[in-house]
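Asks: This is a predicted model, with the sequence first.
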Amino acid sequence: MDHYTKKQELRVCRKCLLYAENREEFFRKLEAYIANLDEDDRTDQETYEQRLAQCAHCPHLVTDGMCALCGCYVELRAALKVRRCPDTVRKW
């Protein structure tokens with residue numbers, strides 16, 4: 001086996017690592033994390049819902065609410081005040 005083949009076999013998608021854990025448990029943890037964000041870090045509910053509404057219609061939204069541009073979960077990104085849409089023409 002050459003170096004290139006061996007290197008390719010070792011590559012693991014970060015998203016796929018999450019599936020090793022119980023999927024439902026992962027999303028429960030993500031939801032709890034968002035709910036427990038400090039008020040100074042979290043967007044207000046109206047902004048959060050507006051951001052998610054825009055993401056819902058974005059062509060870069062992929063399986064399980066992940067952004068194809070940055071690999072984040074849009075619910076977490078939308079919940080944080082300091083985060084922005086990663087698209088070159090930002091939606092929010």
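Replies: That came through, no problem.

Asks: Dig out what the residue most central in space within the chain forms beta bridges with.
Replies: Among the residues of the chain, the one closest to the centroid is Tyr73, at 1.2 Å (C-alpha atoms, centre = their mean). Counting by DSSP bridges, Tyr73 forms beta bridges with Met66.

Asks: does it really touch Lys29, like I thought?
Replies: No. If you go by C-beta atoms under 8 Å, Tyr73 and Lys29 don't touch, sitting 11.2 Å apart. C-beta here means a position set from N, CA and C on the backbone, and glycine is covered the same way.

Asks: Need the pLDDT of Val89.
Replies: Looking at Val89, its pLDDT is 89.

Asks: quick one: what helix or strand has it in it?
Replies: Val89 is part of no helix or strand when elements are defined by DSSP states H and E.

Asks: any chance you could map the helices in the protein?
Replies: 3-10, 14-20, 23-35, 45-56, 74-79 (DSSP state H).

Asks: to the chain's geometric centre, what's the distance from the third one?
Replies: Think helix 23-35. Distance of helix 23-35 from the chain centroid (C-alpha atoms, centre = their mean, to the nearest Å) equals 12 Å.

Asks: Any figure for the gap between Asn36 and Ala56?
Replies: 24 Å (C-beta to C-beta, to the nearest Å).

Asks: What of Glu46?
Replies: Distance from Glu46 to Ala56, by C-beta to C-beta: 16 Å.

Asks: Over to Gln45?
Replies: According to C-beta to C-beta, Gln45 stands 16 Å off from Ala56.

Asks: Ok, Thr47 next?
Replies: For Thr47, the distance to Ala56 - C-beta to C-beta - is 15 Å.

Asks: Could you check which of these two is surrounded by more residues?
Replies: Thr47 (14 against 10; other C-beta atoms under 10 Å).

Asks: where in the protein is pLDDT low?
Replies: 1-21 (pLDDT under 70).

Asks: mind running it again at 50?
Replies: 1-7 (pLDDT under 50).
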